[in-house]
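**Student:** From the sequence below, what's the structure:
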Amino acid sequence: MSLPYGRLHEACGTARQRFGLWLAARTKGPVLWITPEWNTDRLHACGVADIVNPARLIFVTPRRPEDILWSMEEAMRSGAVDLAIADVPGLPGLTQVRRIHLAAETGGQNRTHAPLGLLLTPGEGGAQGVETRWALTAQHAAPLQSWRLDRLRARRAPQKSWTITQGPKQATPTSIQAA
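**Tutor:** Now for the predicted structure:
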């Protein structure tokens, strides 16, 4: 799985936060994780330590819904982080998505690569204008943990599904198979 930098991507499904953590593990430097103040479904340092170093995570908890995407846009424009993740309560409009794409391009002008943006959307997702849309759902069966990863939308690739498995006591997936 390779996501183009300087673009905004979307993850939906019941395990969308894990998708964000796996993506964070594949990047370097700080990760900005934006979630609304009223959201009770938050990450815990002990729970993510096996996937990504919690010291890399910077949490932002805006009070107003409109400040979630504003925070992401500003982070992308600054180029201060390689990855910005926003857990949004609803689907953003096309104008908001386009503004974040432009901010990411600006943020990459003085760096080796532009920042990467990820929207965590509820339900089946469906944000307009995103570069790619992914759905991750858990399909655990003892003793392995497994997930189904679906590429629902990509500008340059067809829809595709994978089964990802992770053995006990392993932080990252051990195998990925096309479904």
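**Student:** Mind checking what secondary structure Ile100 has?
**Tutor:** Taking DSSP: H, G, I helix; E, B strand; the rest coil as the rule, one finds Ile100 in the helix state.
**Student:** swap in the one 3 residues further on?
**Tutor:** When the structure is split into helix, strand and coil by three-state DSSP, Ala103 lands in helix.
**Student:** tell me the contacts of it?
**Tutor:** By Cβ atoms under 8 Å, 6 or more residues apart in numbering, the contact set of Ala103 is Glu73, Glu74, Met76, Arg77. Glycine gets a C-beta too; all of them are placed from N, C-alpha and C.
**Student:** Give me the subset of those that lies in helices.
**Tutor:** Glu73, Glu74, Met76, Arg77 (DSSP state H).
**Student:** ok, the second one - how many residues close by?
**Tutor:** When you say that, I think you mean Glu74. Residues contacting Glu74 under the criterion other Cβ atoms under 10 Å number 16.
**Student:** what do you get for the last one?
**Tutor:** Neighbour count of Arg77, defined by other Cβ under 10 Å: 17.
**Student:** I figured it was touching Gln109, is that so?
**Tutor:** No - if you go by Cβ atoms under 8 Å, Arg77 and Gln109 don't touch, sitting 10.0 Å apart.
**Student:** can you list the weak-confidence ranges in the protein?
**Tutor:** Across the chain, the ranges flagged by pLDDT under 70 are 1, 142-143, 167-179.
**Student:** In a strand, Cys46, correct?
**Tutor:** No - under three-state DSSP, Cys46 sits outside any strand and is assigned helix.
**Student:** how about stretch 147-161: buried residues?
**Tutor:** Trp147, Arg148, Leu149, Asp150, Arg151, Leu152, Arg153, Ala154 (16 or more other Cβ atoms under 10 Å).
**Student:** Also stretch 109-120?
**Tutor:** Buried residues in stretch 109-120, counting neighbours by 16+ other Cβ under 10 Å, are found at Ala114, Pro115, Leu116, Gly117, Leu118, Leu119, Leu120.
**Student:** measure that stretch end to end?
**Tutor:** With Cα to Cα, to the nearest Å as the measure, stretch 109-120 spans 26 Å from end to end.
**Student:** residues making contact with it?
**Tutor:** With contact meaning Cβ under 8 Å, 6+ apart, stretch 109-120 is reached by 3, 5-12, 16-17, 19-20, 23, 27, 72, 75-76, 79, 81-88, 92, 100, 104-105, 107-108, 127, 130.
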